[in-house]
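Colleague: Based on what follows, work out the 3D shape:
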Amino acid sequence: MRKIILLLALFLVPIQADARTYINMGECKITYYCPCEICSEGWGHQTYSGKTARSEHTVAVDPDVFDIGSKILIDGIVYTAEDIGGGVRGDHVDIFVDTHEETLEGGVKYKDVKVIRR
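Modeller: Got it, this is the predicted structure:
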């Protein structure tokens, strides 16, 4: 019983590193999208939040899981949740890249995701 409580505490308690506080979201599905018609359905660089999508900055998320405007840490890069997507549901983060070739190269991965607390 004590092990279960400890495991729950590890997932619910924010962790701290580099003087920032993080909320560990665990392993999330990671995909990639670009401004092409196939990926963005005509939206191009325009995001749900009204910002212009930028590589190594913008991610699309499920707003029921991640707040729009959240800072999200994946593989040492801090992204901003500025967009939503029709196929982005639950613990899924879609990373904006510049070209469709990069979306294909990125594929589908599962990575540890942290949200930086404000």
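Colleague: next helix or strand past the top strand by length along the chain?
Modeller: The longest strand of the chain (DSSP state E) is strand 20-33. As assigned by DSSP states H and E, the chain's next helix or strand after strand 20-33 is helix 37-40.
Colleague: what's the first-to-last distance across stretch 35-45?
Modeller: 6 Å (C-alpha to C-alpha, to the nearest Å).
Colleague: quick one: buried residues of it?
Modeller: For stretch 35-45, burial by neighbour count (16 or more other C-beta atoms under 10 Å) applies to 35, 39-40. Where you see a C-beta, it was placed from the backbone N, CA and C, and this is true even at glycine.
Colleague: Kindly report the same for stretch 104-111.
Modeller: Buried residues in stretch 104-111, defined by neighbour count with 16+ other C-beta under 10 Å: residue 106.
Colleague: coming back round to it: of all the buried residues of stretch 35-45, which comes closest to residue 56?
Modeller: Closest approach between the buried residues of stretch 35-45 and residue 56, by C-beta to C-beta: residue 35, at 14.4 Å.
Colleague: Looks like the closest one contacts residue 44 (just checking).
Modeller: Yes - contact criterion C-beta atoms under 8 Å: residue 35 and residue 44 qualify, at 4.4 Å.
Colleague: Find residues that contact each of these two.
Modeller: Taking C-beta atoms under 8 Å, 6 or more residues apart in numbering as the criterion, residue 35 and residue 44 both touch residue 53.
Colleague: now the strands: where do they sit in this structure?
Modeller: Using DSSP E, strands in the chain cover 15-17, 20-33, 58-60, 71-74, 77-83, 92-96, 109-116.
Colleague: which of these sits most buried?
Modeller: Mean neighbours per residue, mean count of other C-beta atoms under 10 Å, is largest over those for strand 58-60, with a mean of 25.
Colleague: Since that was my last question, I'll sign off now.
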